[in-house]
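# The following block contains a protein sequence and its predicted model.
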Amino acid sequence: MNVVKRYIPILMLLILFAATGLPAQDAEGSRRGVFAPFVSRLDVIPQGEEVALTWRDSPDLSGGYQVLRSTEPISSDNYTQARVAGRVPPGEESFLDRPGVAGEYYYAVAGEMATGAIYPIFIPFRNATAGPVTVEPGPPPEERAASITDISAVAEESSVDVTFSASKEGRNLVVYRSTKTIDTLEVVAEATRLATLPSSERSFVDYPVPGVDYYYGVFDSELVALGLLEFEPRSNVTADPVGLPLATARQATPEALRRTMRRRPLPLLSVNREIETGRLIGSQRQPPFPEPQELSPETVAALAPLRGNGDGPDPEEPRLVILPEERISADKGPDFTLATIVNGTLERGNWAEGQELLENFRTLPLDEEITARVHFYLGQSHFFQGDYRTAFLEFLLAREHYFAASEPWLDSILKRLDQ
């Protein structure tokens, strides 16, 4: 008898749904006469600091579901105060929640409408828990984290091999590179974040700028996020700097740039017709020049912007331009190295340091396209230091591959040199 009493509220709700005329979603729902926009067989199992939920999707819904969590039983009166622990697409029928704080929690799984709102129907033992589940406190982050030991960084021909050991699998590790000894959180904040790796990995290959000494560090990602880092030389941070040798044979000077600025001769101008008549010119005749004529006012107005007489408004002060290639996330190789220089050093306005890094970087064997990008950023580095003539040469070398990006810089430099 007690069992019957227990399910009377559920039966009454089902009768109410049918009476209110909620629309059926399919033919099967129409035959049943009941629209049931909620899951069934909700099972909630605490697992220490995590909670595993499983259920059966509603056959009347084609959308997803929201998992609600609260410290009080969830009902149609207070569901707006519950936290949305997650959203689950149809067909998955499970969710793993990690509240983050120990305590007792109630859960519900609500069907989601096309508008993003939920169906505010909560039935104990069907799509909502009748009692709380207890989340136990987990171990502190320092115990959960993987400990890093035996770090080593060795320079190869064009890369640096960073090797290390991790005490646990199933964790994420973060690899850093810095020009300073990695011994404080401030240095980590300024360092280059090279990669995030699973703790099953034991090495990372870096492609740094030649001619610069670097230090490396590897840490558990959770400790990085919480700022709970400890620095142990030769365990999780390198004690000695390592760098690639600088190949001086490929370094370019302004004189070399001038020699390579034009690789093909200018075309020969062949005039074989008279300018006014269009008749062919014999081999013994000098082509007659037309008589000077006054230009019409319309022509004078049209030519004025092209004469560069400085009467027009001054262009806006240029700012650093970053090409789309450096906004794409590359994980290794020259593209990654160039992106770290541009998005780090240059974006902070360190033009002299960026120039040095770029000049060292282009000593590597690079393809034509990435070399053109190096010229483009070197042009900007020289420009912002006031060395307009060298900047002009750099932009000319970048112009063949990046014409639209280089032209405004060339125009701006010509205006400044003309003043």
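Good, I have the coordinates.

# What sits closest to Val205 if chain neighbours are left out?
Ser159 (5.2 Å; C-beta to C-beta, 6 or more residues apart in numbering). (Glycine included, C-beta is placed from N, CA and C.)

# Any stretches of this structure with poor pLDDT?
1-33, 247-291, 303-316, 329-332, 419 (pLDDT under 70).

# Report the residue ranges of every domain in it.
2-135, 141-226, 324-418 (automatic domain parsing).

# TSV please, covering those domains and showing distance to Asn236 and mean neighbour count.
Output for the domains of the chain, formatted as TSV (distance: least, C-beta to C-beta, whole Å; neighbours: other C-beta atoms under 10 Å):
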stretch	distance to Asn236	mean neighbour count
domain 2-135	26	16
domain 141-226	4	17
domain 324-418	21	18
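
# With distance to Ser235 as added columns, please give those in TSV.
Formatted as TSV, the domains of the chain follow (distance: least, C-beta to C-beta, whole Å):
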stretch	distance to Ser235
domain 2-135	28
domain 141-226	5
domain 324-418	25
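
# Strands of this structure, residue ranges please.
40-47, 50-56, 65-70, 83-88, 94-97, 103-111, 133-135, 148-155, 160-166, 172-178, 192-198, 203-206, 215-220 (DSSP state E).

# hang on, isn't the residue nearest to Val205 packed against Tyr207?
Yes: in this structure Ser159 lies within contact range of Tyr207 using C-beta atoms under 8 Å: 5.2 Å.

# which stretches of this structure form helices?
Secondary structure of the chain (DSSP state H): helices at 2-20, 27-32, 141-144, 185-190, 221-226, 254-260, 297-303, 333-340, 351-361, 368-384, 388-399, 403-418.

# so who does the residue nearest to Val205 touch?
For Ser159, the contacting residues are Val205, Asp206, Tyr207, Leu244, by C-beta atoms under 8 Å, 6 or more residues apart in numbering.

# What is the burial count for Glu230?
Residues lying near Glu230 (other C-beta atoms under 10 Å) number 11.

# and it, backbone torsions?
phi -120, psi 140 (degrees, to the nearest 10).

# Apart from its chain neighbours, what residue comes closest to it?
Nearest non-adjacent residue to Glu230 (C-beta to C-beta, 6+ apart): Asn236, at 7.8 Å.

# looking at it, that neighbour is touching Phe219, isn't it?
Yes: between Asn236 and Phe219 there is a contact under C-beta under 8 Å: 6.1 Å.

# Okay, and the beta partners of the residue nearest to Pro73 when sequence neighbours are not counted?
The spatial neighbour of Pro73 that comes closest, neighbours along the chain excluded (C-beta to C-beta, 6+ apart), is Tyr106 at 5.2 Å. Taking DSSP bridges as the rule, Tyr106 bridges to Ser70.

# Wait, Tyr106 touches Pro132, no?
Yes: here Tyr106 reaches Pro132: they are 5.6 Å apart, a contact under C-beta under 8 Å.

# related to what we said a few turns ago, what is the neighbour count of the residue nearest to Glu230?
By the criterion of other C-beta under 10 Å, Asn236 has 24 neighbours.

# Kindly report the same for Val242.
Residues near Val242, counting by other C-beta under 10 Å: 18.

# My guess is it contacts Val212. True?
No: judged on C-beta under 8 Å, Val242 makes no contact with Val212 at a distance of 10.1 Å.

# Now for the nearest residue to Ser178 once chain neighbours are set aside: which residues touch it?
Sequence neighbours aside, Ala191 is the residue nearest to Ser178 in space, at 3.8 Å (criterion: C-beta to C-beta, 6+ apart). Going by C-beta under 8 Å, 6+ apart, Ala191 touches Tyr176, Arg177, Ser178, Lys180, Ile182, Gly217.

# repeat that with 7 Å
For Ala191, the contact set (C-beta atoms under 7 Å, 6 or more residues apart in numbering) comprises Tyr176, Arg177, Ser178, Ile182.
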